[in-house]
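Q: just to be clear, the model below is a prediction. Sequence and coordinates:
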Amino acid sequence: MKMETLPTTAETGLQSQPKQRQPRDWAKWWTLSPVTLWMTCFFLIPLLLILLVSFFTRSSFGGIEMPLTIENYTRFFDSLYIKILWVSCLLSLATTLLCLVFGYPFAYIIARSPQRYRNILLFLIIIPFWTNSLIRTYAWILLLRTEGVINTLLINAGIFEQPLTLLYNNFAVLVGLVYTMLPFMVLPLYASIEKLDKSYLEAAADLGAKPWQAFWKITFPLTTPGIVAGSLLVFVPSLGLFFIPDLMGGSKSVLIGNLIKNQFLTARDWPFGSAVSIILMALTLLCIVAYMRTTNDKQGKELL
Amino acid sequence: MTNCMVELRQITKQYDQNTVVDQLSLEIQQGEFMTLLGPSGCGKTTTLRMIAGFELPTSGEILLDGEIVQHRPAYQRNLNTVFQNYALFPHLTTFENVAFGLRLKKIAKSEIEKRVRDALKLVQLEEFSGRKPDQLSGGQKQRVAIARALVNNPKVLLLDEPLGALDLRLRKQMQVELKHLQQQLGITFIFVTHDQEEALTMSDRIAVMNGGKLEQIGTPADVYDRPVSRFVAEFIGETNLLTGTVKEIGQSRLVIESDGSALVAPAGIAVRELQDVTVAIRPEKALLSLEPPAAADSAVNHLPVKLVERIYTGVTTKTVVATHSGKQLVAHENTDQLLPVSAGDELFVTWNPAHSVVLTA
């Protein structure tokens, strides 16, 4: 008797599982439907449109027409455009590194300050976001230009006789990018450092690690998820930001973001602009996939 | 003094206005297993953290092997800690966790390899050297933490409630293992716990702390059989406390009147007549009988009581009785030889006067 009853209960147990799952799945989709709808209308469809447009030919009046072609993609692999991509990547990389160098101490100090000051300090980091970033970029122009605040001060102090060329070069773009992107580095770093259990540092000290050794051997490796998340959050948007190179880089620095913007707005070559967008997106995706592959850490994925 | 390994002189620690450790002085000998025992918030962990170098005492001196160390940072003290939550580095394997201290000391690779293997062997974890902490069980993490500390050959090992997170069975096993390890290595252990049974099992000496102060220090037998205060008597083991007044101070005995009965206790404690005192009797020393002791046998203390209830605990039965005034006392009876009485019946509690402990504090 027992021998017979046992398998049947096991079977019914197996059968009931998928039955239970279905209604729950429906409920999940139902509650998610506003998000799904929004993402479909404003993200998925435009994205598919861009993908579609990138295979069309530009008409003589700036529209799109048949035939379908991959010429927009092959055109990108011209030395001129590859160079733009290369410079953009370098600038974004430099931005990311500088944000990391400036952002880490920032995040560390906030995370290690007394609880009651932490929120205020974080708040101070976020406040500038309440002002339009375009306006903040203009403020930098006022500081950096030839008759700007910095040059005036330097000349009046007698340090330089001629004003320095601080604006309309890659240096200016870098300053603008680092300034704009810094909070995106600080926030994930803060989250990561704040979570770090202090007893690890005590254990390291207990085992003979001087503070800087404890930092490199414990704090730094244990906050890598924050570092990687912050780096992605800085690197990826830096590639696409076009108004900072536009305003601060002058005509000399055309970055990939500007290239896309110009194709759509100035050259009215939508198919080529779309193709470059898709290429940029593919590159970005590659970065993220590489990150997901290298880190198995759940914490890091949560931060993204 | 010659082989005093750790000495605390008048250590005080204050946070804001709170005094957590108050004028604590303590001497711990080389090779001794010293336990700091007390309820949570008594300052035992803070004391340990000051010895380790994680906290700076507000005043007082800490001596480690004869040197004053309270201003020396933790990384310059030749002692190691086993943390309550183990604090194993999650990004490093068992091997690298244990090797951490040795690598910092720039020791040759081959020697590191050997010493880490030996340390892991000592805690029976050779098989697990490649695992990360989150792939280990609680007991295994515990052993890694011990190996990580011991591999550095510290003069003193500090243990901050290291067994608190383990289940009862494993805890009992680790208590014995730790004790054997300590005897085998001859290292001074300073062990913090709130578990009195653990303290009695493992220690050479126990320092009982309460409210940041040292209540009593002595061997497990000292603190169990001869507690110096109500706090120690109540905190360590079960005890019956009877309040009374000193009636007679003799050459070899004291007579204390409690609840209308005269109780005899050994002399040797500074009391004056009519002073209010407490008499402590351990439940296993209290005997139950149906008849009062013979009148001639005045050397036996006895109190008339009524049976309240019996609680079966295995070999012994906890028998709760009440005096005329309603004061409840506990006696341990041998479960095989229970007296033929039931709740409400009258009987007597008797005990040898030598087992009365008179407490003035």
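A: Thanks, I have it.

Q: if you tally nearby residues, what's the number for the closest residue to residue A:151 other than its chain neighbours?
A: Excluding its sequence neighbours, the residue lying closest to residue A:151 (Cβ to Cβ, 6 or more residues apart in numbering or on different chains) is residue A:163, at 4.1 Å. From N, CA and C alone the C-beta is placed, and that goes for glycine too. Neighbour count for residue A:163, taken as other Cβ atoms under 10 Å in any protein chain shown: 15.

Q: over to residue B:90?
A: Neighbours of residue B:90 (other Cβ under 10 Å): 15.

Q: show the backbone phi and psi for it.
A: With angles defined as degrees, to the nearest 10, residue B:90 sits at phi -70, psi -20.

Q: which ones are touching it?
A: Going by Cβ atoms under 8 Å, 6 or more residues apart in numbering or on different chains, residue B:90 touches A:222, B:132, B:133, B:134.

Q: excluding sequence neighbours, find me the nearest residue to residue 62.
A: I'll assume chain A. Distances taken as Cβ to Cβ, 6+ apart place residue A:268 nearest to residue A:62, at 3.2 Å, with adjacent residues excluded.

Q: I was after chain B.
A: residue B:70 (4.3 Å).

Q: same question, residue B:26
A: Leaving aside its sequence neighbours, residue B:26 sits nearest to residue B:8 (Cβ to Cβ, 6+ apart; 4.4 Å).

Q: residue B:24 is in contact with the one you found, correct?
A: Yes. Residue B:8 is within contact range of residue B:24, at 5.6 Å (criterion: Cβ atoms under 8 Å).

Q: so what's in contact with the two at the same time?
A: What both residue B:8 and residue B:24 touch, as defined by Cβ under 8 Å, 6+ apart, is the set B:47, B:60.

Q: chain B contacts on the stretch 151-300 of chain A?
A: Residues of the stretch 151-300 of chain A lying near chain B by Cβ under 8 Å from any Cβ of the partner chain: A:197, A:199-200, A:202-210, A:213, A:217-218, A:221-222.

Q: for residue B:243, pull up the helix or strand it's in.
A: Residue B:243 is located in strand B:240-249, with elements delineated by DSSP states H and E.

Q: wait, a strand at residue B:14?
A: Yes. Counting by DSSP: H, G, I helix; E, B strand; the rest coil, residue B:14 is found in a strand.

Q: contact partners for it?
A: Residue B:14 sits next to B:20, B:58 when contact means Cβ under 8 Å, 6+ apart.

Q: per-residue confidence at it?
A: The confidence metric pLDDT takes the value 92 at residue B:14.

Q: run through the bridge partners of it.
A: With DSSP bridges as the criterion, residue B:14 is bridged to residue B:19.

Q: quick one: it from residue A:149, how far?
A: From residue B:14 over to residue A:149 the distance is 50 Å, taken as Cβ to Cβ, to the nearest Å.

Q: try residue B:99
A: 54 Å.

Q: so these two - more neighbours on which side?
A: Neighbours per residue, other Cβ under 10 Å: of residue B:99 and residue A:149, the larger number sits with residue B:99, 23 against 12.
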